[in-house]
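> Build me a model:
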Amino acid sequence: MSAEERQQRIASYLQKVEFASLEELAKHVDASESTVRRDLTALEATGLVKRTHGGARLLVPATDEFTFSARDTHQLEEKELIGKACAALIQPNQTVIIDAGTTTYHVARHLEEKAPHIITNSLPIAQLFAGANRLEVVVTGGVIYPKLGVLVGPLTVEAMKTMHADVAIMSGGGISLEGVSNSHGLLIDIQRAMLHAAPKVIFCFDHTKFGRQSVLPLCGLEAIDTIVTDSKAPRELVHQLRRKNIEVIVAK
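Modelled structure (predicted):
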């Protein structure tokens, strides 16, 4: 494959996922990481992408699909109901990891009275608690991905690997009988570290995520203790998940 073909494939991939790790891109084009670094340097010179620590991101996304503020207007009522139901599962003073996402943001909105210790890589969630005196908030390091308001990259993963919490509150791009999937390799690296940092894992999905498989696999169903969703979630899939010994809470 020529350098031009590789760079076209890298650019096309970033158009789909918006950001990716160096390892992910190298696998995608079947080339070494040093070769991909050179390709990214060439693409950066065109103004199409921006190199980051450990990867690259698209500078001009094709749509606002992944923008935090835009995504937070989708299924807003359902997300708020899910947020309240999930927050009710948290005990006072627990240490809670909160994944970056619009649904988990709505969980965070209802946690202050529980006075938990919060660990997050979400800048919107950190900002939500900036003036809250009753909470202790730990924000991981890393590279800021501005479209999502999330910290990503090797520094974030390494920080999360040193953490321990009572509960991890997670999100994803899709949930099916094959497991949970998400759109970005950099997010998945961090989420896997989160899964290992807490003995109890709660996933929050609105009904649009059920039966959907996103770009990359995150985890199997065995990693999930509880799913919180809304009343529009497909009943048959909810039943099948419960048969897998997963607690499924339908927010009313």
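
> which one's the longest helix in the chain?
Ordering each helix of the chain by length in residues (DSSP state H) puts helix 3-17 first.

> Average pLDDT for that helix, rounded please.
The average pLDDT for helix 3-17 rounds to 83.

> And it, what does it pack against?
With contacts defined as 3 or more CB pairs under 8 Å, 6 or more residues apart in numbering; DSSP states H and E, helix 3-17 has these neighbours: helix 22-29, helix 33-45, strand 49-52, strand 55-58. From N, CA and C alone the C-beta is placed, and that goes for glycine too.

> Dump it to CSV, keeping only the CA atoms.
Taking Å, rounded to 0.1, in the frame of the first residue of the first chain, the C-alpha atoms of helix 3-17 are listed here in CSV:
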residue,chain,number,x,y,z
ALA,A,3,1.7,6.3,1.5
GLU,A,4,-1.1,8.1,-0.3
GLU,A,5,-3.4,5.1,0.0
ARG,A,6,-2.6,4.7,3.7
GLN,A,7,-3.3,8.3,4.4
GLN,A,8,-6.6,8.2,2.6
ARG,A,9,-7.6,5.1,4.6
ILE,A,10,-6.5,6.8,7.8
ALA,A,11,-8.4,10.0,6.9
SER,A,12,-11.6,7.9,6.0
TYR,A,13,-11.3,6.1,9.3
LEU,A,14,-11.0,9.3,11.3
GLN,A,15,-14.1,10.7,9.5
LYS,A,16,-16.0,7.8,11.0
VAL,A,17,-14.6,7.7,14.5
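
> Verify the stated contact: Ala3 with Val36.
No: Ala3 is not in contact with Val36 according to CB atoms under 8 Å; the separation is 10.6 Å.

> These two: who's more crowded?
Val36 (24 against 12; other CB atoms under 10 Å).

> Can you give the domain ranges for this structure?
Split into domains by automatic domain parsing, the chain comes to 3-58, 69-251.

> So which helix or strand of this structure has the lowest pLDDT on average?
helix 68-71 (a mean of 52; mean pLDDT, DSSP states H and E).

> I would like the residues contacting whatever helix or strand comes next after that one, please.
Next in sequence after helix 68-71, counting helices and strands by DSSP states H and E, comes helix 76-87. With contact meaning CB atoms under 8 Å, 6 or more residues apart in numbering, helix 76-87 is reached by 72, 102-103, 105-111, 114, 169, 202, 204-207, 228-230, 232, 249, 251-252.

> And those residues, which of them are buried?
Buried members of those, counted by 16 or more other CB atoms under 10 Å: 72, 102-103, 105-111, 114, 169, 202, 204-207, 228-230, 249, 251.

> now, which of those residues lie within strands?
169, 202, 204, 228-230, 249, 251 (DSSP state E).

> so what's the residue nearest to Gly55 when sequence neighbours are not counted up against?
Closest residue to Gly55 apart from its sequence neighbours, by CB to CB, 6 or more residues apart in numbering: Ser21 at 4.2 Å. Counting by CB under 8 Å, 6+ apart, Ser21 makes contact with 54-55, 153, 185-186, 189.

> Bridge partners for the residue nearest to Thr120 when sequence neighbours are not counted, pull those for me.
With CB to CB, 6+ apart as the criterion, Thr120 has its nearest non-adjacent residue at 4.5 Å, and that residue is Ile98. On the basis of DSSP bridges, Ile98 is bridged to Thr120, Ile169.
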